[in-house]
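>>> no FASTA, just this:
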């Protein structure tokens, strides 16, 4: 079933308000209906076995339909998120929360500090899979009971997403230092309570969180429209939360003047990114991958941005912002088309080119279709286009990622697991995902000639990969002694500044002439 069919069904359901839909597609009968408060998706097919593509589409359709039903129930006052009284607090819909925040800003004579807090829970998804569908509401009740600021009706809590809460604490103190101390104290108490454990039925969970805090005085925003202030406060709070560094051991961060400078820079980048494609500010460069004889095997395509306003911007800075804003979808399409085009023309003799893909791109329901279209438009890349995913990308939705990889592998796209060894479940991904290559992270390569531990790790990876039929590429080769050691240990593929930095397309073309005689000093 095509994505267009799915979209048609969803549009019909959303527009008509009907809770029943039925249609035929290629001898497959699909129906969706409500019965006694439950909803059913039924598929009748003449085939005894489903393809993975059909299963993926069915899963996507069921999810979209469930979202529509939930939104409709919310509009009709049948929200799946209950308003739960607990002390002086209430868990409310986020729209109601926004309204409360807006009204608190209208009271421009209030000179006391208030606090907007975002709390994002970790390990939440894993716990939810154990307790299943009761987890959302039950755990929110438990957690909400732990957010106790004892402020007599001045605290409001709302669920932004399934594992993200927003908290508003009004009228804390006219003193910023006192407000800071009060919020810090309560966050520490909340942190301890979660560490003690959350118990739901017979199950016990240990949840951790990261949190962003924005202290503000409503009186400071008297001349600004409330809707603009609310938007900025929410974005600033989220910005602080996203910058929480787990290595420090502190799960919360306050939005300060120093962060405000970074926040302004982020906003400028986000704005400029929207026009960067039209202004042709993006460029693709290539970092070659070599064999043990320093002959070019392939390359990794890397995106570079030279902004008309900002000048060169590091990918480490703009890629996360592009992911958050959704612009990464368009940027990713640009990169993959450039690579497919190059493989079919300029780099016909090159073994392969790999591209990096984010979890945002993999969530795009059209991603597989876009790649399939490009492989039809440029037949040469089949078998020579590779996609690099990190463990963090794979773990966002392992089953969906697995189906996507299987689907695209059948069309000639090969997958590589990047930064191997830096995550917590590397071996499980080698088992679960139909991969072609693993790239050993640079942290294991730097100084390997003098480190027994690193030597043991890389040797084990090589042996494991060989037994699983996987290729191995070592990244970050910068020391000649490391290269010689790895070469003598039968490592077959290398990437790093010792051999070549990322270079322009023209420079890469020169490097490939003639391919068989290419030697890089």
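Here it is on my side, so go on. The structure presented is a predicted model; accordingly, all values stated were derived computationally and were not measured.
>>> Adjacent strands (with direction) for whichever strand or helix holds residue 298?
With the criterion set as DSSP states H and E, the secondary-structure element containing residue 298 is strand 296-307. The pairing partners recorded for strand 296-307 under DSSP bridges are strand 282-290 (antiparallel), strand 311-313 (antiparallel), strand 353-356 (parallel).
>>> Out of the ones you listed, which gets nearest to residue 487?
Taking CB to CB, strand 282-290 is the member of these nearest to residue 487, at 10.4 Å. Where C-beta positions appear, they are placed from N, C-alpha and C, glycine not excepted.
>>> Give me the average confidence score over the closest one.
Averaged across strand 282-290, pLDDT comes to 97.
>>> mind listing what's buried in it?
Using 16 or more other CB atoms under 10 Å as the test for burial, strand 282-290 gives 282, 284-290.
>>> still on that earlier bit, ok, residues contacting the strand holding residue 298?
Applying CB atoms under 8 Å, 6 or more residues apart in numbering, the external contacts of strand 296-307 come out as 272, 276, 281-291, 312-313, 315, 318-319, 331, 335, 338-339, 347, 350-356, 386, 388, 493, 495, 502, 508, 511-512, 515, 518.
>>> Buried ones from these, can you make that a PyMOL selection?
Selection of buried members from the contacts of strand 296-307 for PyMOL, criterion 16+ other CB under 10 Å:
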select buried, resi 272+276+281+282+284+285+286+287+288+289+290+313+318+319+331+335+338+339+347+350+352+353+354+355+356+386+388+493+495+502+508+511+512+518
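>>> Tell me how many other residues crowd the closest residue in space to residue 243 that isn't next to it in sequence.
Counting by CB to CB, 6 or more residues apart in numbering, residue 253 is the residue found nearest to residue 243 once chain neighbours are left out, at 5.7 Å. By other CB atoms under 10 Å, the residues close to residue 253 number 20.
>>> quick one, phi/psi of the residue minimising distance to the centre of the chain?
In the chain, the centroid-proximal residue (CA atoms, centre = their mean) is residue 359; its distance is 4.4 Å. Backbone dihedrals for residue 359, given as degrees, to the nearest 10, come out at phi -70, psi -30.
>>> That one and residue 392 touch, don't they?
Yes: Residue 359 is within contact range of residue 392, at 7.2 Å (criterion: CB atoms under 8 Å).
>>> What segments of the stretch 151-300 of the chain are strands?
Counting by DSSP state E, counting those that start in this stretch, the stretch 151-300 of the chain forms strands over residues 155-161, 164-173, 198-200, 203-205, 208-216, 252-254, 282-290, 296-307, given from the N-terminal end onward.
>>> Redo those strands as a markdown table? Include distance to residue 408.
As requested, those are arranged in a markdown table below (distance: least, CB to CB, whole Å):
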| stretch | distance to residue 408 |
| --- | --- |
| strand 155-161 | 29 |
| strand 164-173 | 31 |
| strand 198-200 | 39 |
| strand 203-205 | 36 |
| strand 208-216 | 33 |
| strand 252-254 | 39 |
| strand 282-290 | 20 |
| strand 296-307 | 17 |
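>>> rank the ones you listed by mean pLDDT and give me the bottom one.
Per-segment mean pLDDT for the strands of the stretch 151-300 of the chain reaches its minimum on strand 198-200, at a mean of 58.
>>> can you tell me which residues contact residue 408?
Residues in contact with residue 408 (CB under 8 Å, 6+ apart) are 368, 371-372, 387, 415.
>>> Equivalent analysis for residue 170, please.
Counting by CB under 8 Å, 6+ apart, residue 170 has contacts 104, 110, 112, 114, 151, 154-156.
>>> Swap in 10 Å and give it another go.
If a contact means CB atoms under 10 Å, 6 or more residues apart in numbering, then residue 170 has 100-101, 104, 107, 110, 112-115, 151, 153-156, 218 as its contacts.
>>> Could you do residue 492 as well?
By CB under 10 Å, 6+ apart, residue 492 lies in contact with 290-292, 297, 462, 471-474, 486.
>>> which among those residues gets closest to residue 448?
Taking CB to CB as the measure, residue 486 is the one of the contacts of residue 492 closest to residue 448, at 6.8 Å.
>>> Without its sequence neighbours, what residue ends up closest to that closest one?
For residue 486, the nearest residue in space outside its immediate sequence neighbours is residue 474; the separation is 5.9 Å by CB to CB, 6+ apart.
>>> Let me see the backbone angles for that neighbour.
Dihedral angles phi and psi of residue 474 (degrees, to the nearest 10) take the values phi -100, psi 130.
>>> Surely residue 275 touches residue 310?
No: using CB atoms under 10 Å, residue 275 is not in contact with residue 310; the gap is 11.8 Å.
>>> More neighbours: which of the two?
Under the criterion of other CB under 10 Å, the comparison of residue 275 against residue 310 puts residue 310 first, with 16 against 12.
>>> and the closest residue to the more buried one other than its chain neighbours, what does it touch?
Closest residue to residue 310 in three dimensions, ignoring its sequence neighbours and counting by CB to CB, 6+ apart: residue 272, at 6.3 Å. Residues counted as contacts of residue 272 (CB under 10 Å, 6+ apart) are 279, 281, 305, 307-310, 313, 318, 321.
>>> any idea which element residue 430 lies in?
In this structure, residue 430 sits in helix 426-432 according to DSSP H and E.
>>> So what touches the next helix or strand after that helix?
The C-terminal neighbour of helix 426-432 among helices and strands, as given by DSSP H and E, is strand 437-440. The contact list for strand 437-440 (CB under 10 Å, 6+ apart) reads 289, 298, 300, 352, 354, 386, 388, 390, 414-422, 426, 429-430, 448, 454, 457-458, 461-462, 464-465, 468, 470-476, 486, 491, 493, 495.
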